[in-house]
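> Predicted model, plus sequence, below.
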Amino acid sequence: MPFNAEEFYLKTPMGHEIHVSSFGPAGEEPKGIIVISSATGVLQKYYAKFAQFLSHHQYRVYTFDYYGIGNSSSDIRDLKKNDLSIQQWGSNDQASVLKMAKERSPSTPLTLITHSIGGQILGFNPSYHLLDKIVMVSPQSGYWRYYEGLHYPKMWLFWNAMIPVLTPLYGYFPAKKLGLFENLPKKMVYEWAKWGRHKEYMFGHIDTEKAFFDKIECPLLVLGFPRDIYAPKAATDWLAGKYENARIDRRHLIPEEMGIDDVRHFGFFRSKFEDPLWKITKEWIEN
């Protein structure tokens with residue numbers, strides 16, 4: 001099925017604009033709307049192939065860059081002035097895209113697909129009630145003790161040394177210089193590091209009465225994979241458990257049993273996993 005694509009800027013309630021891309025079936029009404037919420041410091045274009053796959057199956061799909069990432073004011077001068085917190089990536093940016101998607105197609109089912117941190121910030125999103133279904137790919141707690149092998153001390157150093165030392169020197173976290181991911185705003189990364197040092201992660205610092213983790217009740221598919229150094233099984237299980245009232249379908253998929261290569265943290269969105277991973281996800285959304 002042919003698809004069309006468009007790009008635009010969406011003004012949010014906080015006054016800044018975020019860049020959004022839309023993929024949809026050409027000349028037909030979509031049977032569903034899907035919003036993809038990225039991992040930390042990952043550009044929305046990483047999810048384009050997956051979005052195109054879904055649009056070929058008659059879905060309208062929106063991807064976006066959080067404020068401070070990619071096409072959403074990531075210039076160094078803007079980044080140094082960026083004062084968004086990690087919670088506001090959920091309560092403002094992610095929420096704004098969900099609201100826009102629903103306003104454009106009010107009677108069409110809406111699904112949110114998150115990657116990594118996208119599943120964490122959903123708990124701060126006041127637009128959660130617009131959702132009919134949720135898919136989380138490799139969501140997790142970032143508490144360093146959940147990690148294994150060499151990644152155990154690396155995570156401790158990341159939260160306790162790299163972020164606290166480098167961020168004030170640059171006025172932002174220079175992740176690109178370290179070959180990690182996109183640069184990150186200082187307020188966001190300071191909050192992230194504070195979470196990562198606490199055994200209860202964000203729950204060690206937030207006012208749970210003002211969050212929405214326990215308010216979400218719709219079907220929720222949680223996908224994880226072995227040898228994912230950024231989302232170990234225990235860390236993924238921990239976060240899934242915080243959505244205590246959702247109808248959770250938790251799947252820890254073993255690549256060897258499926259006859260596919262290792263997926264780990266970023267593989268799911270690569271086109272070589274269309275069969276079976278993308279098809280499994282599409283069928284879950286439909287059924």
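Looks like it arrived, so ask away. Residues are numbered from 1 along each chain as shown.

> Quick check: closest non-adjacent residue to His268.
Rather than His, residue 268 is Phe. Nearest non-adjacent residue to Phe268, counting by C-beta to C-beta, 6 or more residues apart in numbering: Val137, 5.0 Å away. No exception for glycine: its C-beta is placed from N, CA and C like everyone else's.

> and Leu84, helix, strand or coil?
Under DSSP: H, G, I helix; E, B strand; the rest coil, the three-state class of Leu84 is coil.

> The residue nearest to Phe268 and Pro25: what is the separation?
For Val137, the distance to Pro25 (C-beta to C-beta, to the nearest Å) stands at 23 Å.

> higher neighbour count, the two?
More crowded of Val137 and Pro25, by other C-beta atoms under 10 Å: Val137, with 28 against 20.

> for the protein, what spans make up the strands?
Using DSSP state E, the strands assigned to the chain run over residues 3-11, 17-25, 32-37, 59-64, 110-115, 133-137, 219-224, 247-252.

> Adding distance to Ala235 and mean pLDDT as columns, could you present these in a markdown table?
Shown next, in a markdown table, are the strands of the chain (distance: least, C-beta to C-beta, whole Å; pLDDT from 0 to 100):
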| stretch | distance to Ala235 | mean pLDDT |
| --- | --- | --- |
| strand 3-11 | 31 | 89 |
| strand 17-25 | 28 | 96 |
| strand 32-37 | 18 | 98 |
| strand 59-64 | 25 | 98 |
| strand 110-115 | 15 | 98 |
| strand 133-137 | 12 | 98 |
| strand 219-224 | 9 | 98 |
| strand 247-252 | 12 | 98 |
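
> For the residue nearest to Phe268, list the residues it contacts.
Contacts here follow C-beta atoms under 8 Å, 6 or more residues apart in numbering; on that basis Val137 touches Ile113, Thr114, His115, Ser116, Gly119, Leu223, Phe268, Phe269.

> what's the neighbour count on the last one?
Other residues near Phe269 number 23, with proximity taken as other C-beta under 10 Å.

> Could you do the fourth one as well?
Neighbours of Ser116 under the rule other C-beta under 10 Å: 24.

> Report pLDDT for it.
On the pLDDT scale, Ser116 is placed at 98.

> swap in the last one?
Phe269 is assigned 98 on the pLDDT scale.

> any idea how far the closest residue to it other than its chain neighbours is from Tyr230?
Nearest residue to Phe269, sequence neighbours excluded (C-beta to C-beta, 6+ apart): Phe50, at 5.0 Å. Distance from Phe50 to Tyr230, counting by C-beta to C-beta: 18 Å.

> measure the residue lying closest to Lys31 once chain neighbours are set aside to Phe23 for me?
Spatial nearest neighbour of Lys31, excluding adjacent residues (C-beta to C-beta, 6+ apart): Gln58 at 4.7 Å. Separation of Gln58 from Phe23 (C-beta to C-beta) stands at 11 Å.

> tell me what the lowest-mean-pLDDT helix or strand in the chain is packed against?
For the chain, counting by mean pLDDT, DSSP states H and E, strand 3-11 ranks last in confidence among helices and strands (a mean of 89). For strand 3-11, the helices and strands in contact under the criterion 3 or more C-beta pairs under 8 Å, 6 or more residues apart in numbering; DSSP states H and E are strand 17-25, helix 48-56, helix 95-104.

> the helices in the stretch 101-250 of the chain, which residues?
Using DSSP state H, counting those that start in this stretch, the helices of the stretch 101-250 of the chain run over 117-121, 151-157, 163-170, 186-196, 233-242.

> Buried deepest among those helices, which one?
helix 117-121 (a mean of 26; mean count of other C-beta atoms under 10 Å).

> by contact count, what packs against that helix?
Using 3+ C-beta pairs under 8 Å, 6+ apart: helix 117-121 touches strand 32-37, helix 86-88, strand 133-137.

> Quick one: closest of these to Phe181.
Phe181 lies closest to helix 86-88 among the helices and strands packed on helix 117-121, at 14.3 Å (C-beta to C-beta).

> Can you tell me which of the contacts of Val137 is closest to Lys154?
Distance to Lys154, by C-beta to C-beta, is smallest for Ser116 among the contacts of Val137, at 16.5 Å.

> on that earlier part again, for the helices of the stretch 101-250 of the chain, give me JSON lines that also has distance to Lys177.
What follows is those, written out as JSON lines (distance: least, C-beta to C-beta, whole Å):
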{"stretch": "helix 117-121", "distance to Lys177": "21"}
{"stretch": "helix 151-157", "distance to Lys177": "16"}
{"stretch": "helix 163-170", "distance to Lys177": "8"}
{"stretch": "helix 186-196", "distance to Lys177": "14"}
{"stretch": "helix 233-242", "distance to Lys177": "27"}
